[in-house]
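# Sharing a model prediction with you, sequence too.
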Amino acid sequence: MIISGIRIIKFAFQDFFRNFWLSLATVSVLTLTLLTVNGLIAVNFLGKMAISEAEDRVDVGIHFRPEIGEERIQTVKITLMGMPEVRDVEYVSPAESLRRFSEQYGDDALVIESLGEVDGNPFGSTLVVRARSIGDYEKIIKTLDDPAFAEIIEERDFDDRQEIIGRIETISRRIEAFGLGASAAIAIVTFLIVLNTIRVSIYTHREEIRIMRLVGASNGFIRGPFYVQAVAWSVLAVALTAAVTVPTVFFVQPYLERFFGSTSVDLVGFYRVNLLEIFGVQLLAVMAMSIITTKMATARYLRT
Amino acid sequence: MIRFKNVTKTYPPDVIGLRNVNLHIRPGEFVSIVGQSGTGKTTFCKLLIAEERPTRGQITIGGWDISDIRQSEIPVLRRQIGVVFQDFKLLPKKTARENIAFALEVCGVSHRDIRTVVPQALKIVGLSSKADRYPRQMSGGEQQRVVIARSLVHRPKIIVADEPTGNLDSLNTREIIDLLKRINRFGTTVVLVTHNRDVVNELNRRVVTIDRGLVVSDQEEGKYVL
């Protein structure tokens, strides 16, 4: 058994190098398929990060009438914090509101002049509410419509980025659909190429195979080298894909940070954490595809 | 040893290979199967090594019914039957020694056993001195002797030789037939398929004649009658 196993591996590698260019073409096509899949994974990750970044910037600002005391505002805050949809509520005092306003419009002489004409601090207290997800804002806003709250609220603004989020989601979905379509098309081409590579390999070795059958080699022994070759192609293709993908990810990371204006878009980190999972699943998938193809080719062309 | 019982083989749509053949070959016999081209001789060989299945009837070898043999059992059967064909079926990039060793390698035989068995087989066929020659460096007769050596390495109980002298001159033909007779003397059953009248007549052994798929004659110490 061990002797046969070693010989199967030996024959497989002999075949691999005898049909070197054919093997190289097969590995290249498998690698291209995997690179497309990795491109899709990266785009998917970036799309999710973009949506998450946009969602993080959405909030509802509740501006209270200046005469409303902090105690009542704290009650509203506690009520809102009790809602499962609310992630956090920030209290901004009138003084802090004034400071932030001055900071934001410090360069605008007209605004500062207008502010000077008003007696005292024109700002009331504010609560800034952030929901757990974008869909939760609807319920929060509905709660604020309650007359108990409405009478103490002077104004509320909902920094609505839903449109941008919707657009990012649409683009992500389209890219994902295109990527899936492209991957499926390449997978079919890959399948056909692997199938034909094995057929050519069987044809090249038809005399050897005929002799093997005549002298009593088992079907497993005759087919074994083709399976080993398929596994070797898969391992090589995944290794090549990793060798291209990982440096590319490191290369694009600074550009992504600049583009998103945030270091939280960490594609390198994503690959670092999920490296084994990403390439492990790819290896298993490519191996499964190659083995199924080999089984089909050998079943069709190696009938005893 | 070998028993054909009412064996019929047809190929689609309605080509008849063998028709209701009944035959019993005893252990250690040397039987010539003769007949003109396309009469079913090769079908007979293919049925013996389970390359084809009979359409009807039963084939047993040493009590083993191979009429409906399982795919996984075919290699076991073929290790018990040495096969020699007209076209030598040697691998051109392997030497005589490597060609013989190949038959053992692919069946999982250890290197140590291969090193023992291959020189013995080469000695039996008288090619010890040409073990490292490639097929292209050997005559047709020598190549056929390599094939016979290869068929012997599993110590088969039966040798099936399908037109083994078809591509050889008379001198080489005589050498190959002498070799088969020698192997038969060791107790191996030899089934020789041929249409060479001189070979059959000189052998003076059992002759089974097939014509259009039918066994038309079966004679002990027979002659080529067609």
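Received, thanks.

# for chain B, longest helix please?
Using DSSP state H to assign secondary structure, the helix with the most residues in chain B is helix B:170-185.

# Name all residues that make contact with A:E70.
A:S93, A:S125 (CB atoms under 8 Å, 6 or more residues apart in numbering or on different chains). Quick note: C-beta positions are derived from backbone N, CA and C, even for glycine.

# Quickly note the distance from it to A:H63.
With the distance defined as CB to CB, to the nearest Å, A:E70 ends up 14 Å from A:H63.

# Spit out the contact partners of A:Q229.
Here A:Q229 is in contact with A:A12, A:D15, A:F16, A:S23, A:I198, A:S201, A:T294 (CB under 8 Å, 6+ apart).

# element containing it?
Per DSSP states H and E, A:Q229 falls inside helix A:219-260.

# average pLDDT for that helix?
Averaging pLDDT along helix A:219-260 gives 91.

# Then stretch A:69-84?
pLDDT averaged over stretch A:69-84 gives 86.

# residue ranges of the strands in chain B, please?
Taking DSSP state E to define them, one finds strands in chain B at B:2-11, B:15-25, B:30-34, B:56-61, B:64-65, B:81-85, B:158-162, B:189-194, B:206-211, B:214-219.

# Minimum distance to A:A217: which of those has it?
Closest of the strands of chain B to A:A217 is strand B:81-85, at 13.0 Å (criterion: CB to CB).

# Can you report the mean pLDDT over the residues of that closest one?
Strand B:81-85 comes out at a mean pLDDT of 90.

# Could you spell out which stretches of chain B belong to which domain?
Following the assignment in automatic domain parsing, chain B carries domains at B:1-80+B:157-226, B:92-155.

# so can I have JSON lines of those domains showing mean neighbour count?
Listed next are those as JSON lines, based on neighbours: other CB atoms under 10 Å in any protein chain shown:
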{"stretch": "domain B:1-80+B:157-226", "mean neighbour count": "18"}
{"stretch": "domain B:92-155", "mean neighbour count": "19"}
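
# Of those, give the one that comes closest to A:A109.
Taking CB to CB, domain B:92-155 is the member of the domains of chain B nearest to A:A109, at 92.0 Å.

# what residue ranges in chain A score low on pLDDT?
Chain A contains residues with pLDDT under 70 at A:159-162, A:164-165, A:301-304.

# Quick one: name the residues of it near chain B.
Residues of chain A lying close to chain B by CB under 8 Å from any CB of the partner chain are A:1, A:3-4, A:7, A:207-208, A:210-219, A:221-222, A:304.

# hmm, 7 Å instead?
A:3-4, A:7, A:207-208, A:210-212, A:214-219, A:221, A:304 (CB under 7 Å from any CB of the partner chain).

# List the ones among those residues that fall in helices.
Under the assignment DSSP H, the residues of chain A next to chain B contribute A:I3, A:S4, A:R7, A:E207, A:E208, A:R210, A:I211, A:M212, A:L214, A:V215, A:N219, A:F221 to helices.

# show me what contacts the first one?
Think A:I3. Taking CB atoms under 7 Å, 6 or more residues apart in numbering or on different chains, we find A:I3 in contact with B:G108, B:S110.

# related to what we said a few turns ago, I'd like the domains of chain B written out as TSV, with distance to chain A added.
Formatted as TSV, the domains of chain B follow (distance: least, CB to the nearest CB, whole Å):
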stretch	distance to chain A
domain B:1-80+B:157-226	4
domain B:92-155	4
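
# quick revisit: please check the residues of chain A next to chain B and keep the buried ones.
Buried residues within the residues of chain A next to chain B, counting neighbours by 16 or more other CB atoms under 10 Å in any protein chain shown: A:S4, A:R7, A:E208, A:I211, A:M212, A:L214, A:V215, A:G216, A:A217, A:S218, A:N219, A:F221.

# how about the helices of chain A, start to end?
Going by DSSP H, chain A shows helices at A:2-18, A:20-56, A:70-81, A:94-105, A:109-117, A:137-144, A:147-150, A:162-204, A:206-215, A:219-260, A:267-301.

# Now do the contacts for the nearest residue to B:E175 once chain neighbours are set aside.
Distances taken as CB to CB, 6 or more residues apart in numbering or on different chains place B:G141 nearest to B:E175, at 5.3 Å, with adjacent residues excluded. By CB under 7 Å, 6+ apart, the residues touching B:G141 are B:L168, B:N172, B:E175, B:I176.

# okay, which residue is most central for chain B?
Of all residues in chain B, the one closest to the mean position by CA atoms, centre = their mean is B:V160, 1.6 Å from it.

# And for it, nearest residue in space, chain neighbours not counted?
Spatial nearest neighbour of B:V160, chain neighbours left out: B:V191 (4.9 Å); criterion: CB to CB, 6+ apart.

# Check what pLDDT that neighbour gets.
Reported pLDDT for B:V191: 95.

# Kindly state the domain boundaries assigned to chain A.
What automatic domain parsing lists as the domains of chain A is A:2-54+A:164-301, A:58-160.

# shouldn't A:F250 be in contact with A:V268?
Yes - if you go by CB atoms under 7 Å, A:F250 and A:V268 touch, sitting 5.9 Å apart.

# Can you name the residues in contact with the helix or strand bottoming out on mean pLDDT in chain B?
Using mean pLDDT, DSSP states H and E, helix B:197-203 stands out as the lowest-scoring helix or strand of chain B, at a mean of 88. Helix B:197-203 is contacted from outside by B:F30, B:S32, B:V34, B:T165, B:T173, B:I177, B:T194, B:V207, B:K223, B:Y224, using CB under 7 Å, 6+ apart.

# residues contacting the second one?
The reference is to B:S32. By CB under 7 Å, 6+ apart, B:S32 lies in contact with B:L192, B:T194, B:V200, B:L203, B:R205, B:V207.

# now the first one
With contacts taken as CB under 7 Å, 6+ apart, B:F30 has the following neighbours: B:K181, B:N184, B:V190, B:L203, B:R205.

# follow-up on the earlier one: any chance of the buried ones among the residues of chain A next to chain B in CSV, with distance to B:P75 too?
Putting those into CSV (distance: CB to CB, whole Å) gives the following:
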residue, distance to B:P75
A:S4, 12
A:R7, 15
A:E208, 15
A:I211, 13
A:M212, 9
A:L214, 10
A:V215, 9
A:G216, 4
A:A217, 6
A:S218, 5
A:N219, 7
A:F221, 8
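
# Closest to A:L144 out of the residues you listed?
A:N219 (74.0 Å).

# how close does the closest one get to B:R70?
11 Å.

# With A:E55 instead?
Taking CB to CB, one finds A:E55 at 63 Å from B:R70.

# Find the closest residue to chain B in the stretch 1-150 of chain A.
Relative to chain B, the nearest point of the stretch 1-150 of chain A is A:S4 (4.1 Å; CB to the nearest CB).

# Please determine how far the closest residue to that residue other than its chain neighbours is located from A:A12.
Nearest non-adjacent residue to A:S4, counting by CB to CB, 6+ apart: B:G108, 4.1 Å away. For B:G108, the distance to A:A12 (CB to CB) stands at 16 Å.

# A:D108 too?
75 Å.

# now do A:M212
Counting by CB to CB, the gap from A:M212 to A:A12 is 14 Å.

# next one: B:N167
Where A:A12 is concerned, B:N167 sits at a distance of 34 Å (CB to CB).

# before we move on, what about A:H63?
A:H63 is 74 Å from A:A12, by CB to CB.

# contacting residues for the residue nearest the centre of chain A?
Using CA atoms, centre = their mean, the residue of chain A that lies closest to the mean C-alpha position is A:F45, 2.3 Å off. Contact partners of A:F45, counting by CB under 7 Å, 6+ apart, are A:L267, A:F270.
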